[in-house]
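# Provided below for reference: sequence and predicted model.
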Amino acid sequence: MIETEMVCGAFGLAPKEQTVNLIKQLQVAYHFPCPIYLIERPDFLESVTEVSEEALMKQREERNLDEIYPVYMTGNYFDDSRINLFAHFVGVTAWNILNEQGYAMQDKVVTFTEMWTQEHHKHSAMDAHVHGFGSQIVGFYFLETPENCSRVVFHDPRAAKVQIDLQEQNVCMATPASKMINFEPKPGLLMFANSWLAHSFTRHAAESPIKFVHFNLTVQMAAPAVCPAPAAEIV
């Protein structure tokens, strides 16, 4: 509830003698949310780290770390059988998120388009971006997060608000006026968001790298059920 008073003159703070003692309450209806989903699943760390490290080793052998962009990114590995349980959990959770958000998912399935590891070294960062090309859900699974590591940041997607925004009272508080929200990663933290929600990573300040899995999922029509052919009649 927001309490409001009828005042004379300019709108805002006014001397008490100018106010009419008639308190009203505004009903607030919040719509068009930008949900971000978090869950701690350290039980997947061992298997995902094993696959991740193998993929990273290939990248380290193929090229040197770039001084300007000190990051290693692996190839896709969402179909590696050693992380079947992790991939299944991520896929089912993504489907549930879209279903709970109100999308018609009963005849649809979610499938991975990408799942890869990023290893960001000191001074590395990631600019704000979204994932297109059919992606519907994006997410992260954090493997190693040293002290003073990067934070994941989600940015306000409302272009009209960005155009006409006012200065915030306190940028350290998460409010409807916030332009971005950041989260401190920790090993085993799993995050999901809609792909249209822009995300970035702050500059990495730790001496040891931050490592995390990044994944994208898309939506497809479910394959129609196949009915068995009728048995042949014996004459």
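Noted; the coordinates are in hand.

# how about low-confidence regions in the protein?
The chain contains residues with pLDDT under 70 at 1-23, 225-235.

# From V130, how far off is the spatially most central residue of it?
Closest residue to the average C-alpha location of the chain: A193 at 3.5 Å, with Cα atoms, centre = their mean. Using Cβ to Cβ, to the nearest Å, A193 is found at 10 Å from V130. Where you see a C-beta, it was placed from the backbone N, CA and C, and this is true even at glycine.

# Tell me which stretches of this structure form helices.
Applying DSSP state H to the chain gives helices spanning 45-62, 84-100, 159-164.

# which one of these is the most hemmed in?
Greatest average neighbour count among the helices of the chain goes to helix 84-100 (a mean of 17), per mean count of other Cβ atoms under 10 Å.

# circling back: of the helices of the chain, which is nearest T218?
Nearest to T218 among these is helix 84-100 (9.6 Å), distances taken as Cβ to Cβ.

# Residues in contact with the closest one: which ones?
When contacts are defined by Cβ atoms under 8 Å, 6 or more residues apart in numbering, helix 84-100 is touched by residues 35, 37, 39, 41, 44, 47-48, 78-79, 105, 108-112, 115, 136-137, 139, 141, 190, 192, 215, 217, 219.

# ChimeraX command for the buried members of these?
Buried residues among these (16 or more other Cβ atoms under 10 Å), as a ChimeraX selection:
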select :37,44,48,78,105,110,112,115,136,137,139,141,190,192,215,217,219
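
# List the ones among the contacts of helix 84-100 that fall in strands.
Counted as lying in strands by DSSP state E, out of the contacts of helix 84-100, are 37, 39, 108-112, 115, 136-137, 139, 141, 190, 192, 215, 217, 219.

# quick one on the thing from earlier: quick check: which of the helices of the chain is nearest to N182?
Closest among these, using Cβ to Cβ: helix 159-164, at 17.2 Å.
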